[in-house]
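Engineer: predicted model, plus sequence, below.
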Amino acid sequence: MEPVQTWNQVYDPFGNPWLSTLAASVPVIALLAMIASGRVKAHIAAVLALVLAFALAVGAFGMPLGLATRASLLGMVTGFFPIGWIILNVIFLYRLTVEKGWFAILQQSVAGITTDRRLQLLLVAFAFGAFFEGAGGFGTPVAVTGAILIGLGFSPLAASGLSLIANTAPVAFGALGAPIQGLASVTGYDPYVLGAMIGRQLPVFSLIVPFWLIWVFAGFRGMVQVWPAILICGGAFAAAQFGISNYVNPWIVDIGASIAAMGALVLFLKVWKPATIWTSPALRGNDPSIGYGAPRPVALGAGVPSDLPRAPVATGRTATSSEIALAWLPWIILSVIVAIWGTGWFKAIVNPIFTWKYEVPGLHNVIMKVPPVVAKAHPEGAVFLFTYMSYTGTGVLIAALISGALMRFSPVRLVTAYVETIWVLRYSLVTIAAMLALGVLTRYAGVDATLGLAFAGTGILYPFFGTLLGWLGVALTGSDTASNVLFGGLQKITSEQLGLSGVLMASANSSGGVMGKMIDAQSIVVASTATGYFGQEGKILRFVFWHSIALACLVGGLVMLQAYVHPFTAMVIHVP
C-alpha cells in the first residue's frame with residue numbers, strides 16, 4: 001500500500017506577509033460585511049463566504065482540491081453535530097412549552113421575582129445563561145436565554161443582542177471547562193494552572209459585563225439606579241469564579257458561579273427594590289425591532305392552540321404555585337440533564353458504547369502544520385467522533401421528550417411538532433453548517449494561522465495583540481475551544497521567544513476569545529433563531545460589534561498590565 005502524500009501548510013503564499021495576511025482576511029471580512037449590510041440573507045452570505053474561502057485555499061494557499069473538499073464537508077457535518085443539534089432541540093422544547101401555555105406561566109413567575117426589566121436581564125441573560133454555558137456551551141445559553149427573554153416581552157433586538165453580550169465572561173469555563181482542556185492539549189500546560197490563570201483575568205470582567213449589559217439596555221442613568229443589584233450579582237459571580245478556578249478545579253466554575261449569582265440576586269431582591277421600576281422591553285433610544293413579528297412568540301411557536309386561552313396568564317389570573325412549579329419543570333429537567341451530560345463520568349460510560357469514530361480518508365494526518373506556527377512539523381488529524389449519545393443536544397432532546405410527556409402531548413403531535421421545528425430552522429441550520437465549513441476549511445488550509453502570525457509579530461505589544469488573537473479566533477471559529485486549539489501552540493511559542501509567560505499568553509487567548517463570542521456569525525444566527533428575528537442578523541451584528549471590540553481591548557489592556565506592570569499570576573502559579 002502506497003503511503004499517502006502529505007501537504008505542508010503555506011503561511012505566506014505571496015512572499016509578502018502583509019499581502020498574504022490581507023488575502024487571508026478576505027473571507028471573514030466578506031462574511032461579516034454581507035451580514036452587516038442587511039441586504040444578504042445569513043444563509044446566502046455563509047455559502048458565498050465558503051465559496052470565497054474555498055477559492056482562496058485552493059488558488060492562493062495551494063491546498064489540493066480534494067483536501068479542500070473533504071475539509072469543507074467535515075466542517076458541514078460538524079456544523080450539524082453538535083451545534084445545530086443543540087439549537088434544534090432547544091427550540092423544539094421551547095415550542096412545546098409555548099404551545100401548552102407553560103411558557104407564559106414561566107414568564108409570569110419571573111415577573112413575580114421582579115417586574116424591572118433590568119433585573120430580569122441580570123437574572124436570565126447573565127446568571128441563568130452562565131449556568132447553561134457551564135453545563136452545555138456551544139450555543140445553548142444564547143438559545144435558551146434568547147427564547148426566555150423574547151417570551152418575557154423583550155424586543156427581538158434586545159433579546160438577541162443582550163443575550164450575546166451577557167454570554168461572554170463565562171465562556172472560557174464553558175461546557176465544563178472544554179476550552180481549557182483544549183488549550184492544555186496543545187500547550188502541554190496543566191489545565192489547573194491554566195484555569196487558575198484565566199480565573200485571575202475574567203473575574204474583572206464578570207464585574208464589568210453586568211454593568212455594561214444594563215448600561216447598553218437602559219442607559220447610564222438607568223444602570224446607576226440599580227447598581228447595588230448589579231454589584232451583588234456580578235460580585236457573587238466574580239468571587240465564585242475566582243475561588244473555584246483557583247482553589248477547586250476549572251471544570252465546575254460556571255456552574256458554581258451562576259448558582260451563586262442567581263442565589264445572591266434573588267435573596268437581595270427580597271430586601272431591596274429599585275426606586276423606579278423599568279418596564280420598557282425595548283433598547284433605550286432607537287430600537288428598530290419594536291413590533292417585529294408581533295404577536296410573539298408565535299414566530300417560534302406552533303401556532304396558538306385551542307387550549308392556550310385557558311392558561312392563567314391568558315385569562316388574567318395569577319398562576320398558582322403548583323402551576324408555576326410545573327411551568328419551570330421542563331427547564332429544571334433540562335438543567336439537570338444537561339449538567340449530567342457534561343460530566344466526564346457520564347461521557348466515560350456512554351462514549352465507549354455509543355460512538356462512531358470516522359477518520360476522514362484522504363484528509364486525516366495528510367496536512368502538515370509546520371513552523372513557525374508549531375515548534376516542529378506534525379500532521380493534522382481529521383477525525384469525526386460521532387458521540388451521538390453524549391452530545392448536549394441529545395440530552396436536550398431527551399429533556400424535551402420527557403417534558404412533552406409531562407405536558408401530555410401525544411406521540412404523533414411530538415413528531416409533527418419536531419418536523420415543524422426543523423422546517424422553521426431550515427435556513428439557520430444551513431447557515432451554521434456553511435459557517436462551520438468555512439472555519440474548518442480555513443484551519444486546515446492554514447489561512448487562520450496566517451492571520452495569527454500577523455498578530456505574533458507585534459513585539460512588545462504582543463500581550464495586547466496576542467489577546468486580540470484569541471478574540472479573532474473565536475470570531476472566526478465560533479468557539480473558544482476551537483480558538484484555543486488553533487492558536488494555543490502559537491501563543492506558547494511566541495511568548496517564550498519574547499520572554500513572556502507562556503501560561504499568561506495561552507490563558508489570554510481564551511480570556512480574549514470570550515469577547516469574540518458575541519460577533520461570531522454562528523452565535524448571531526443562534527440568537528436570531530431563538531428570538532424569531534429571522535433575516536435580521538445584520539442588525540444584531542451592528543448592535544454588538546463595537547461592544548465586542550471594546551471589551552476585547554480592555555482584556556488586552558489587563559493582560560499588558562499583568563505582563564509588564566504587575567505579573568500577578570506568575571508570582572503565585574507554578575508553571576510546569
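Structural biologist: Everything's here; your move.
Engineer: find the residue ranges of this protein scoring beneath the pLDDT cut-off.
Structural biologist: Residues of the chain meeting the criterion pLDDT under 70: 1-4, 83, 136, 138, 293-317, 342, 566-576.
Engineer: which parts of it are strands?
Structural biologist: With DSSP state E as the criterion, the chain has strands at 7-8, 356-359, 367-369, 378-380, 383-386.
Engineer: the shortest one pairs with which strands?
Structural biologist: The reference is to strand 7-8. Strands that pair with strand 7-8, judged by DSSP bridges, come out as strand 367-369 (parallel).
Engineer: the second one too?
Structural biologist: Listed by DSSP bridges, the sheet partners of strand 356-359 and their directions read strand 383-386 (antiparallel).
Engineer: got the buried residues for the strand it pairs with?
Structural biologist: residue 384 (16 or more other Cβ atoms under 10 Å). C-beta here means a position set from N, CA and C on the backbone, and glycine is covered the same way.
Engineer: need the contact list for residue 163.
Structural biologist: 125, 129, 141-142, 145-146, 149, 527, 530-531 (Cβ atoms under 8 Å, 6 or more residues apart in numbering).
Engineer: make a markdown table out of those and add distance to residue 350.
Structural biologist: A markdown table is the format used below for these (distance: Cβ to Cβ, whole Å):
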| residue | distance to residue 350 |
| --- | --- |
| 125 | 32 |
| 129 | 26 |
| 141 | 23 |
| 142 | 26 |
| 145 | 28 |
| 146 | 29 |
| 149 | 33 |
| 527 | 30 |
| 530 | 27 |
| 531 | 33 |
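Engineer: of the residues you listed, which is the nearest to residue 545?
Structural biologist: Closest to residue 545 out of the contacts of residue 163 is residue 527 (13.5 Å), distances taken as Cβ to Cβ.
Engineer: quick one: contacts for the spatially closest residue to the closest one that is not a sequence neighbour?
Structural biologist: Computed as Cβ to Cβ, 6 or more residues apart in numbering, the closest residue to residue 527 that is not its neighbour in sequence is residue 160, at 4.0 Å. Contacts for residue 160 were tallied using Cβ under 8 Å, 6+ apart; they are 146, 524, 527-528, 530-531, 533, 540, 543.
Engineer: among those residues, which pair sits farthest apart?
Structural biologist: Distances among these were taken as Cβ to Cβ; the most separated pair is 530 and 543, at 15.4 Å.
Engineer: the helices in the stretch 401-550 of the chain, which residues?
Structural biologist: 411-424, 426-445, 447-456, 462-477, 480-497, 502-513, 521-531, 537-560 (DSSP state H, counting those that start in this stretch).
Engineer: the shortest one versus helix 480-497: what angle between them?
Structural biologist: Angle, helix 447-456 to helix 480-497, by axes from the mean of the first three to the mean of the last three Cα atoms, to 10 degrees: 40 degrees.
Engineer: residue 393: neighbour count?
Structural biologist: For residue 393, the count of nearby residues is 25 (other Cβ atoms under 10 Å).
Engineer: what's near enough to touch it?
Structural biologist: When the contact criterion is Cβ under 8 Å, 6+ apart, the partners of residue 393 are 81-82, 84-89.
Engineer: check contacts around the nearest residue to it once chain neighbours are set aside.
Structural biologist: Taking Cβ to Cβ, 6+ apart, and ignoring the residues beside it in sequence, residue 393 has residue 85 as its nearest neighbour in space, at 3.2 Å. Contacts for residue 85 were tallied using Cβ under 8 Å, 6+ apart; they are 391-394.
Engineer: can you tell me which of those residues are in helices?
Structural biologist: 392-394 (DSSP state H).
Engineer: quick one: which of those is nearest residue 226?
Structural biologist: For these, the closest approach to residue 226 (Cβ to Cβ) belongs to residue 392, at 32.9 Å.
Engineer: isn't that closest one right up against residue 82?
Structural biologist: Yes - the pair residue 392 and residue 82 passes the contact test of Cβ atoms under 8 Å, sitting 6.2 Å apart.
Engineer: would you format the contacts of residue 163 as a markdown table with distance to residue 290 and neighbour count included?
Structural biologist: Converted to a markdown table, the contacts of residue 163 look like this (distance: Cβ to Cβ, whole Å; neighbours: other Cβ atoms under 10 Å):
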| residue | distance to residue 290 | neighbour count |
| --- | --- | --- |
| 125 | 19 | 28 |
| 129 | 23 | 30 |
| 141 | 25 | 33 |
| 142 | 21 | 33 |
| 145 | 20 | 30 |
| 146 | 17 | 34 |
| 149 | 14 | 29 |
| 527 | 17 | 29 |
| 530 | 18 | 29 |
| 531 | 13 | 34 |
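Engineer: tell me the contacts of the closest residue to residue 12 other than its chain neighbours?
Structural biologist: The shortest distance from residue 12 to any residue other than its chain neighbours is 4.7 Å, reached at residue 20 (Cβ to Cβ, 6+ apart). With contact set as Cβ under 8 Å, 6+ apart, residue 20 has these partners: 11-14, 450.
Engineer: dump the contacts of residue 393 to CSV, plus distance to residue 195.
Structural biologist: Supplementary listing: the contacts of residue 393 in CSV, determined by distance: Cβ to Cβ, whole Å:
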residue, distance to residue 195
81, 27
82, 23
84, 29
85, 27
86, 24
87, 28
88, 31
89, 29
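Engineer: closest to residue 548 out of these?
Structural biologist: Comparing the contacts of residue 393 against residue 548 with Cβ to Cβ places residue 87 closest, at 21.0 Å.
Engineer: what separates the closest one from residue 431, distance-wise?
Structural biologist: Taking Cβ to Cβ, to the nearest Å as the criterion, residue 87 is separated from residue 431 by 11 Å.
Engineer: any idea how far the residue lying closest to residue 398 once chain neighbours are set aside lies from residue 141?
Structural biologist: Across the structure, with Cβ to Cβ, 6+ apart as the measure, the residue nearest residue 398 apart from its sequence neighbours is residue 337 (6.0 Å). According to Cβ to Cβ, residue 337 stands 15 Å off from residue 141.
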